[in-house]
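*Asks:* I need the structure of the sequence given here:
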Amino acid sequence: MATENTIITFPSSSTTSNALALRGFNVMQAQSASQWPAITKLTMPAAFTSTTLGIQGSNDNSTWVTLGDFRGDYTQASVVANTVIQLPEHVTRDWRYIRLTSSATQAAQRDITTEVTFGNVPPAR
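*Replies:* Predicted coordinates for the structure are as follows:
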C-alpha cells in the first residue's frame, strides 16, 4: 500500500476543520480503480488544545454525517498535543470528503498531519 501525508486545518476559533477531498487523491494516486484512499493516521501538532475529535464524511462537500463502524466505534477520540491517532481504513474509505470536528476551539490555526493510505479493497457500499 502507498501512503501520502497531507494537512487538515482547524481555523482559529473554529470547531470544524477544512474538508479533505479523498477522491482527489484517488484520481491522482490510485494504480487501479480498486485502490481507494483512506485516512489512517492523524498527528496532532505540539500546540493543540486537548479536545474530543469527531470524524465526518460527505459525498458532496455539503451534507455531513458523523462516521463510525457498525458498533459506533471511532466516531470520537480524546486527543492532546503531540499524539498520533491510528484509524482503521474502513472508517473513511467510503467517502469523497472528510473533515474533523472538535469539542473545543483552538487559540490559533492548527494543522493536523494526516496519512492517506491507498489500499486494494473497494468500498463496502
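*Asks:* Quick check: Ser102 vs Ile7, distance?
*Replies:* 16 Å (Cβ to Cβ, to the nearest Å). C-beta coordinates here come from the backbone N, C-alpha and C atoms, glycine included.
*Asks:* Give me the helix or strand of the chain that scores worst on average pLDDT.
*Replies:* helix 22-29 (a mean of 56; mean pLDDT, DSSP states H and E).
*Asks:* Quick check: which ranges of the chain have low pLDDT?
*Replies:* For the chain, the stretches with pLDDT under 70 are 1, 23-35, 69-75, 119-125.
*Asks:* Can you show me the strands along it?
*Replies:* 2-10, 20-21, 37-43, 51-58, 65-66, 76-79, 84-86, 97-102, 110-118 (DSSP state E).
*Asks:* From the contact counts, what lies against the fourth one?
*Replies:* It refers to strand 51-58. The contact analysis (3 or more Cβ pairs under 8 Å, 6 or more residues apart in numbering; DSSP states H and E) places strand 51-58 against strand 65-66, strand 76-79, strand 97-102.
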